[in-house]
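>>> need a 3D model of the following:
(2 chains)
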Number of protein chains: 2
Amino acid sequence: MSKPLLPLLAEACTPVARAVMPDDEAAELARMFKAVGDPVRLKLLSMIASDPRGEACVCDLTEAFTLTGPTISHHLKVLRDAGLIASERRASWVYYRAVPEATARLSAVLAPLPAATA
Amino acid sequence: MSKPLLPLLAEACTPVARAVMPDDEAAELARMFKAVGDPVRLKLLSMIASDPRGEACVCDLTEAFTLTGPTISHHLKVLRDAGLIASERRASWVYYRAVPEATARLSAVLAPLPAATA
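Below is the predicted model of the structure:
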């Protein structure tokens, strides 16, 4: 409650096309990019972020892959630890939802500058 | 000349917030995200992409780090192999420039949907 997420995220955003990225920002963002630097995790993120219900059950996510449950859980943990998804346990299942502020931040970092498209 | 780069890049772009990403696209994009999933490579990309000359000499890039030349060269190769930067050798040095279409593509994949911000 004491740490508003959005202002913190917006604060540290240096588009690569604009300026040399400070070391601390590079370290933090690299961890997030590394989390999506895996085909399974990128697909999982898309399944969660595009789910029309606004969240996805780990049961449905696991079913979509030929991988084992523990492997999917590991990938979900990497995405969650990077701040790209959040989870909530309800009854027997864990439900995942995207954290749009986090993906938007990564998007902004790689976005072309307005002048570059002119 | 026979293969226009921009249409190909624009073709395979499924924002994660819109739909489940096809496997082949996930594999290709994950490789690109993995390339920026390292603090040194992310900083190198920002140094190259933000250089007001439009390109950066490997000599200047290497000077900015305490890492060895071969280590920097390795990171630059990963970025180049992922299509995020291009290189040109002139006289004694290699010069690197950003490939804005590639970073823009990654940016678009993680961008929020217009409706999501409403």
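>>> need phi/psi at residue A:59.
phi -60, psi -40 (degrees, to the nearest 10).
>>> in this structure it contacts residue A:93, no?
Yes: at 5.6 Å, residue A:59 counts as touching residue A:93 under the criterion of C-beta atoms under 8 Å. Any C-beta I mention is one placed from the backbone N, CA and C, and that applies to glycine too.
>>> how about low-confidence regions in chain A?
Applying pLDDT under 70 to chain A flags residues A:1-12, A:115-118.
>>> try 90 this time
A:1-14, A:112-118 (pLDDT under 90).
>>> just the strands from chain A, written as ranges.
A:56-57, A:85-90, A:93-98 (DSSP state E).
>>> could I get the ones you listed as TSV with mean neighbour count and distance to chain B?
Formatted as TSV, the strands of chain A follow (neighbours: other C-beta atoms under 10 Å in any protein chain shown; distance: least, C-beta to the nearest C-beta, whole Å):
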stretch	mean neighbour count	distance to chain B
strand A:56-57	19	10
strand A:85-90	14	11
strand A:93-98	19	7
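>>> mind checking which of these is nearest residue A:35?
Of all the strands of chain A, strand A:85-90 sits nearest to residue A:35, with 9.3 Å by C-beta to C-beta.
>>> helices and strands around the closest one, which ones?
helix A:69-81, strand A:93-98 (3 or more C-beta pairs under 8 Å, 6 or more residues apart in numbering or on different chains; DSSP states H and E).
>>> can we see that at 6 Å?
Contacts defined by 3 or more C-beta pairs under 6 Å, 6 or more residues apart in numbering or on different chains; DSSP states H and E place strand A:85-90 against strand A:93-98.
>>> got the CA coordinates for the strand it packs on in CSV?
Only the C-alpha atoms of strand A:93-98 are listed here, as CSV (Å, rounded to 0.1, in the frame of the first residue of the first chain):
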residue,chain,number,x,y,z
TRP,A,93,-6.0,-23.7,-8.4
VAL,A,94,-3.7,-20.8,-8.9
TYR,A,95,-4.9,-18.1,-11.3
TYR,A,96,-2.6,-15.8,-13.2
ARG,A,97,-3.2,-12.3,-14.6
ALA,A,98,-0.9,-10.0,-16.5
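>>> and the nearest residue to residue A:38 once chain neighbours are set aside, what does it touch?
Counting by C-beta to C-beta, 6 or more residues apart in numbering or on different chains, residue B:30 is the residue found nearest to residue A:38 once chain neighbours are left out, at 5.3 Å. Counting by C-beta atoms under 6 Å, 6 or more residues apart in numbering or on different chains, residue B:30 makes contact with A:37, A:38, A:39, A:42.
>>> got the buried residues for stretch A:24-39?
Residues of stretch A:24-39 classed as buried under the neighbour-count rule (16 or more other C-beta atoms under 10 Å in any protein chain shown) are A:25-26, A:28-39.
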